[in-house]
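> Predicted model, plus sequence, below.
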Amino acid sequence: MNAAISVEYLRKVYRGGFEALAGISLEVPRGSVFGLLGPNGAGKSTLVKSLLTILRPTACRGELLGEPIGHRATLGKVGYLPEHAAFPGYLTGAQVVEFSAGLAKVPRAAAKRRTAECLERVGMAAWAGKRVATYSKGMKQRVGLAQALVNDPELVFLDEPTDGVDPEGRYAIRRLIESMRAEGKTVFVNSHLLAEVEQMADEVAILAKGRIVARGKVAELTRQGHRYEIRTQGPVPLSLREAFAAKGWETAGDRVAVEAPNAAAVQPAIDALRAADVVIRGVTESRRSLEELFLDAVGANGNLNGKGGAA
């Protein structure tokens, strides 16, 4: 079984008739980092909580780690960091993680060892004996990560894992996520930080108004809009502008923009310029960013303001 998550159909309707998830289908490969993106109210947290049966979905057909969603023993192989995770201020960081180990039925003898290992891994070993009330928001988030890993899960759900974390901490968390992938774990990340997701995710899905409006490998999704810009010495001759326009190439002053999947496809434009004795000053390559893809996909579905939905 190559999929850590395989959802054929998942729908969630809240009391009052609001449809938070409108029949989602989704597949997440094992051993990958998967990013779920969407504006506030798109249904991201509702989707994760439904997969974990924290919320009861209205209708659900699918599997988690090869077993039906909701299979109790399989949930013991899952780690979870919820958004805005809160822990009792009177507990120490070590106690928070040990408590989570107990909930996950980690044997007592192994729980202390795993707690120490996980706190070390997230950079909180020196603070393990300090009360949570003395922690910064970023430190609480690190402890949340430690408790999500204490049962050595095969699948980890992280809901806004870098929320409230400083740049150095965000970099450390990205490295942690990459190391989990290297260990063969599957990491499912909900985040609004598109640049970070673009750096670490193998595949992404964009959720808007309870529907997945785009999904796939980051490189494949951003390949649309891949373009080359040719800069010339002086303006492009009028005769070439007309010919280029007929091919769908944009010209403006000393620039020619060609949407093309690879460098070979832009050669005809270069050849035409050279044949007209036009001096080429340079050629630059660009591709659409994940942020641009996100704005296009979400804007087309009328959900940029994030109103009227569940998180």
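Ah, there it is.
> Ala20 contacts Gly210, correct?
Yes. If you go by C-beta atoms under 8 Å, Ala20 and Gly210 touch, sitting 5.4 Å apart. C-beta coordinates here come from the backbone N, C-alpha and C atoms, glycine included.
> what ranges do the helices span in the protein?
44-51, 72-75, 93-103, 108-121, 137-149, 167-182, 194-200, 218-223, 238-246, 267-275, 290-299 (DSSP state H).
> In JSON lines: these, plus mean neighbour count and distance to Gly62.
Putting the helices of the chain into JSON lines (neighbours: other C-beta atoms under 10 Å; distance: least, C-beta to C-beta, whole Å) gives the following:
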{"stretch": "helix 44-51", "mean neighbour count": "24", "distance to Gly62": "8"}
{"stretch": "helix 72-75", "mean neighbour count": "14", "distance to Gly62": "12"}
{"stretch": "helix 93-103", "mean neighbour count": "21", "distance to Gly62": "24"}
{"stretch": "helix 108-121", "mean neighbour count": "17", "distance to Gly62": "29"}
{"stretch": "helix 137-149", "mean neighbour count": "23", "distance to Gly62": "22"}
{"stretch": "helix 167-182", "mean neighbour count": "16", "distance to Gly62": "22"}
{"stretch": "helix 194-200", "mean neighbour count": "18", "distance to Gly62": "23"}
{"stretch": "helix 218-223", "mean neighbour count": "16", "distance to Gly62": "23"}
{"stretch": "helix 238-246", "mean neighbour count": "13", "distance to Gly62": "49"}
{"stretch": "helix 267-275", "mean neighbour count": "15", "distance to Gly62": "47"}
{"stretch": "helix 290-299", "mean neighbour count": "18", "distance to Gly62": "23"}
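> any chance of these in a markdown table, plus mean pLDDT?
A markdown table is the format used below for the helices of the chain (pLDDT from 0 to 100):
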| stretch | mean pLDDT |
| --- | --- |
| helix 44-51 | 93 |
| helix 72-75 | 92 |
| helix 93-103 | 95 |
| helix 108-121 | 94 |
| helix 137-149 | 93 |
| helix 167-182 | 90 |
| helix 194-200 | 81 |
| helix 218-223 | 70 |
| helix 238-246 | 89 |
| helix 267-275 | 92 |
| helix 290-299 | 70 |
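> Looking at those, which is nearest to Glu63?
Of all the helices of the chain, it is helix 72-75 that lies closest to Glu63, at 8.9 Å by C-beta to C-beta.
> Tell me which other helices or strands the closest one touches.
The contact analysis (3 or more C-beta pairs under 8 Å, 6 or more residues apart in numbering; DSSP states H and E) places helix 72-75 against no helix or strand.
> can you count the residues close to Asp163?
19 (other C-beta atoms under 10 Å).
> how about the closest residue in space to it that isn't next to it in sequence, what does it touch?
Nearest residue to Asp163, sequence neighbours excluded (C-beta to C-beta, 6 or more residues apart in numbering): Gln141, at 6.3 Å. Contacts for Gln141 (C-beta atoms under 8 Å, 6 or more residues apart in numbering) come out as 81, 85, 161-165, 169.
> Where is pLDDT lowest across the residues you listed?
Scanning these for pLDDT, the low point is Gly164. It has 74.
> check contacts around that residue.
Counted by C-beta under 8 Å, 6+ apart, Gly164 has contacts 136-138, 140-141.
> Show me which pair in the contacts of Gln141 is furthest apart.
Ala85 and Gly169 (14.8 Å).
> what about Val96, distance to Ala272?
According to C-beta to C-beta, to the nearest Å, Val96 and Ala272 sit 66 Å apart.
> how does this structure divide into domains?
3-221, 226-286 (automatic domain parsing).
> How far off centre is the longest one?
With C-alpha atoms, centre = their mean, to the nearest Å as the basis, the distance from the averaged C-alpha position of domain 3-221 to the chain average is 11 Å.
> End to end on it, go ahead and measure it.
End-to-end span of domain 3-221 (C-alpha to C-alpha, to the nearest Å): 20 Å.
> and what of the last one?
End-to-end span of domain 226-286 (C-alpha to C-alpha): 6 Å.
> Stretch 247-261 too?
By C-alpha to C-alpha, one end of stretch 247-261 lies 15 Å from the other end.
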